[in-house]
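K.L.:
prediction below, plus the sequence it came from.
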Amino acid sequence: MTRFTGNTADFGMDTISLAGPLEAKLKAVREAGFTQIMLAAKDLVGHPDGLQAAVNVVRCSGLRVTGFQVLRDFEGLSGHLHDYKVDIAKSMLEMCAALDCRLMLMCSSTSVHATADTKAIVKDLRKLAMLAIPMGIKIAYEALSWGRTVNEFPQAWDLICEADMPNLGLGFDSFHMFATNTSLDDLDMLDPAKVFLVQLADFMWTEIKSVEERIATARHFRVFPGEGVHSQALAALVTKLHSLGYRGDYSFEVFNDDYQQMPLPTVAARAFKSALWLGEDVLRRSVPLPNQIRLKASAMHLKA
């Protein structure tokens, strides 16, 4: 029998699931049991006391920053649009570095002004990676399921391989894989060392019938892993990634309007329940944690 290593520390949640100020979000996430948090640019620039105050709050929270998001519509532009996006990218990289965060997420372009020429896209991916190298930051490139040219992770992977930059890798989002019905077998092409981040989410219906419904579901109706109808698929996905050798972070990227109307501790507790399910039940990564009655009971049973 294969012995799995690790625990719930491999899993974190995203601030986008929570309402309220940054301090309250960080407190709820930490007290729920998480050790890491995925931050968005608006968490910093939206702080009433300014950027540096937000950075200080994050540093004092005791939480590790999983990654910083998200750079949108960067690749495939030309002229003044390209120059504009390069300036935006530089600003986001500076904020990422200020957090001592070593990973920035970018998603595939949806812009009608972006070219579909893969050579131009690869050139832009390489440029962004070059900008990030002096800061010690990795770039995770994610395929949005409604991306104009890149909308499935195998396409993103091909471009990453062609760009061939040491700090450019894949940002993998389970929602987009399920939304496009991409085969689990396609994961076999991946080098686990070049998968920089895995984002997980479930949703409440088995079929998405249009791009418009896909966008609405992604932005408003996701739920935490194990809460929707794709639990078996999520378990299979995480197990497959582990068997391939992935040992990086998992972040729960759950956009949900209902969670925005619930107390922060309640939402964070739901997320941690998902971490326990994935870390202990799915990957069998049980470790002695305080107040985990099920684990203690299991230990007592073994001693009997």
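P.N.:
On my side now, so go ahead.
K.L.:
who's in contact with residue 65?
P.N.:
Residues near residue 65 by C-beta atoms under 8 Å, 6 or more residues apart in numbering: 36, 37, 38, 39, 58, 99, 100, 101. Bear in mind the C-beta positions are built from the backbone N, C-alpha and C, glycine included.
K.L.:
check which helices and strands the helix or strand hosting residue 239 sits against.
P.N.:
In the assignment (DSSP states H and E), residue 239 maps to helix 231-244. Here helix 231-244 touches helix 174-179, strand 195-200, going by 3 or more C-beta pairs under 8 Å, 6 or more residues apart in numbering; DSSP states H and E.
K.L.:
output that helix as CSV, nothing but the C-alphas.
P.N.:
Provided in CSV are the C-alpha atoms of helix 231-244 (Å, rounded to 0.1, in the frame of the first residue of the first chain):
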residue,chain,number,x,y,z
SER,A,231,-16.9,15.2,-5.4
GLN,A,232,-15.8,11.9,-7.1
ALA,A,233,-14.2,13.8,-10.0
LEU,A,234,-12.4,16.1,-7.6
ALA,A,235,-11.1,13.2,-5.6
ALA,A,236,-9.9,11.5,-8.8
LEU,A,237,-8.2,14.7,-9.9
VAL,A,238,-6.3,15.3,-6.7
THR,A,239,-5.3,11.6,-6.4
LYS,A,240,-4.1,11.6,-10.0
LEU,A,241,-2.0,14.8,-9.5
HIS,A,242,-0.5,13.2,-6.4
SER,A,243,0.3,10.0,-8.2
LEU,A,244,2.0,12.0,-11.0
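K.L.:
which strands or helices does the following helix or strand past that helix pack on?
P.N.:
Heading C-terminal from helix 231-244, the first helix or strand you meet, by DSSP H and E, is strand 250-252. Contact partners of strand 250-252 among helices and strands, from 3+ C-beta pairs under 8 Å, 6+ apart: strand 11-14, strand 195-200, helix 264-276.
K.L.:
try 10 Å
P.N.:
Contacts defined by 3 or more C-beta pairs under 10 Å, 6 or more residues apart in numbering; DSSP states H and E place strand 250-252 against strand 11-14, strand 36-40, strand 64-71, strand 168-173, strand 195-200, helix 264-276.
K.L.:
and that strand, how far out from the chain's middle?
P.N.:
Here strand 250-252 is found 5 Å from its chain centre; the criterion is C-alpha atoms, centre = their mean, to the nearest Å.
K.L.:
with residue 166 as the reference, measure out to the spatially most central residue of the chain.
P.N.:
With distances taken as C-alpha atoms, centre = their mean, the residue of the chain nearest its centroid is residue 199 (3.4 Å). Using C-beta to C-beta, to the nearest Å, we find residue 199 at a distance of 22 Å from residue 166.
K.L.:
now do residue 99
P.N.:
Residue 99 is 21 Å from residue 166, by C-beta to C-beta.
K.L.:
so for those two, which sits in the more crowded spot?
P.N.:
Taking neighbours as other C-beta atoms under 10 Å, residue 99 and residue 166 compare with residue 99 leading, 17 against 9.
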